[in-house]
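[1] need a 3D model of the following:
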Amino acid sequence: MAPTILCLASYFKGGAFLEECKRLGCHTILVTSQDLEHEAWPRAAIDEFFVMPFVNLFKQPDITYAVSYLARTRRLDRIIALDDFDVETVADLREHLRIPGMGGSTARYFRDKLAMRVQARDEGIPVPDFVHVLNYDDLREFMGRVPGPWVLKPRSEASSMGIRKVNRADELWPMLEELGDRQTFYVLEQFVPGDVFHVDSVVWNKQVLFTVCSQYGQPPMAVYQGGGVFISSNLPYHAPAEQALQALNREVIAAMGMVRGVTHAEFIRADADGAFYFLEIAARVGGAYLDVMLEHATGLNLWREWARLEMAHLQKEEYTLPAARATYAGLVVSLAKEAWPDATAYQDAEIVWRLQKEHHVGFIVASPDPAHVQHLIATYAERIAQDFTATAPPKSGERPV
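    Residues are numbered from 1 along each chain as shown. Here you go, the predicted model:
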């Protein structure tokens, strides 16, 4: 009998994971929200397709009832969260149905920004100073001890969603009043100016088998909240910064208890001291087309590798990482004023991918020369800002691209 893998997706992503599972002989089930029903899912790779109202994907006991009902007539071998918002839900489902995979306690380290910071700090990993938004005396002590500004972060949102900058102590209290009873779901953190990096990995039996280190053009929070051009590119291999990030990333993955899967971690190199600090980690493939950029740099599709290692574990086989290239790629993405901007003037031979999304423009360039990639994305960022860029404040509940 073919193994059955159920995927939960509150966002349109993970098609390559489903395709690879199907190629490997799985019976695939996708549970997603009604508003995503008509997205371009790889229907040929999906054996059963179910939709629910978006709120019910997270509401308990509704989602547990729904998946348990499916399990009456199907033997579910694995349950996979395709989006960051689904990680804790799927962990709870695994525990309820006693299905192998990351459970609730470990999942919190990959979703809850407070839990992951406490764990990192307790394991000796450098993090920006922080305090739980809980006890007001502790908040006053923190703001008296740690110079502002600070950032008020939701504990369980994705990427830069919901983050607010706090410049003075008297700005915080109205924000907390506005949050009401939800304020304990936040953490207040020291604002650390610096360059932000992301590190994407494949983990098998607690060993980090594959890692690519990349740098954002500007922090995602700045792009998400203030507009502008989103940029990322992978770092030169074996450079001092890349080696330092590799080592710190391994420490973080071990501290959080990742056994197998993929991770997307973010770090900041502080302007003040040049040291790297841990910001956050997720048990998923990086979003905002970073997975596509990394595939063009290395030849590895992280969604497909994630599917391969899950299947290897299910079938009690050893997972072997394919050989990867050591070349370079850069990503440039922006909101566009026109619904479908005309980017035909961008014709460099190094362009290997073009974004096809309404009111967006974007490219990925690839080259064996990292300096050439840097030159191209810097030039494109400037041209795109002049030719196309539109800015819009993020809507409530809106996600980064």
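[2] hey, let's count contacts and neighbours off CA atoms from now on
    Noted.
[3] distance of the closest residue to Gln190 other than its chain neighbours from Glu171?
    Sequence neighbours aside, Trp150 is the residue nearest to Gln190 in space, at 4.6 Å (criterion: C-alpha to C-alpha, 6 or more residues apart in numbering). As judged by C-alpha to C-alpha, to the nearest Å, Trp150 and Glu171 stand 10 Å apart.
[4] just the pLDDT at Gly397, thanks.
    What the model reports for Gly397 is a pLDDT of 43.
[5] so Gly200 touches Val212, yeah?
    For residue 200 the amino acid is Asp, not Gly. Yes - using C-alpha atoms under 8 Å, Asp200 makes contact with Val212 at a distance of 5.4 Å.
[6] between the two, which is the more surrounded one?
    Applying other C-alpha atoms under 10 Å to Asp200 and Val212 shows that Asp200 carries more neighbours, namely 25 against 21.
[7] now the more buried one: which helix or strand?
    strand 194-204 (DSSP states H and E).
[8] what comes into contact with the following helix or strand past that strand?
    Once the chain leaves strand 194-204, the next helix or strand it forms, by DSSP H and E, is strand 207-216. The contact list for strand 207-216 (C-alpha atoms under 8 Å, 6 or more residues apart in numbering) reads 195-203, 230-235, 242, 245-246, 250, 259, 294, 321.
[9] what subset of the residues you listed is buried?
    Among the contacts of strand 207-216, the ones that count as buried by 16 or more other C-alpha atoms under 10 Å are 195-203, 230-235, 242, 245-246, 250, 259, 294.
[10] Trp150 and Glu171: which is more packed in?
    A count of neighbours by other C-alpha under 10 Å puts Trp150 above the other of Trp150 and Glu171, at 22 against 11.
[11] wait, doesn't the more buried one sit right on Phe191?
    Yes - with contact defined as C-alpha under 8 Å, Trp150 reaches Phe191; the gap is 4.6 Å.
[12] lowest average confidence, helix or strand, in the protein?
    helix 220-226 (a mean of 57; mean pLDDT, DSSP states H and E).
[13] partner strands of whichever helix or strand comes after that one, with direction?
    Sequence order places strand 230-234 as the next helix or strand after helix 220-226, per DSSP H and E. Under the criterion DSSP bridges, strand 230-234 sits next to strand 207-216 (antiparallel), strand 328-335 (antiparallel) in its sheet.
[14] any idea of the mean pLDDT in strand 230-234?
    Mean predicted lDDT for strand 230-234 stands at 96.
[15] what does it contact?
    With C-alpha under 8 Å, 6+ apart as the criterion, strand 230-234 contacts 212-218, 220, 223, 290, 293-294, 297, 328-334, 373-374, 377, 381.
[16] check which element follows it along the chain.
    helix 240-256.
[17] which strands or helices does the very next helix or strand once past that following helix pack on?
    Sequence order places strand 261-270 as the next helix or strand after helix 240-256, per DSSP H and E. The elements that strand 261-270 packs onto, with contact taken as 3 or more C-alpha pairs under 8 Å, 6 or more residues apart in numbering; DSSP states H and E, are strand 194-204, strand 276-282, helix 302-314.
[18] okay, the ones you listed in JSON lines with mean pLDDT next?
    Formatted as JSON lines, the helices and strands packed on strand 261-270 follow (pLDDT from 0 to 100):
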{"stretch": "strand 194-204", "mean pLDDT": "97"}
{"stretch": "strand 276-282", "mean pLDDT": "97"}
{"stretch": "helix 302-314", "mean pLDDT": "97"}
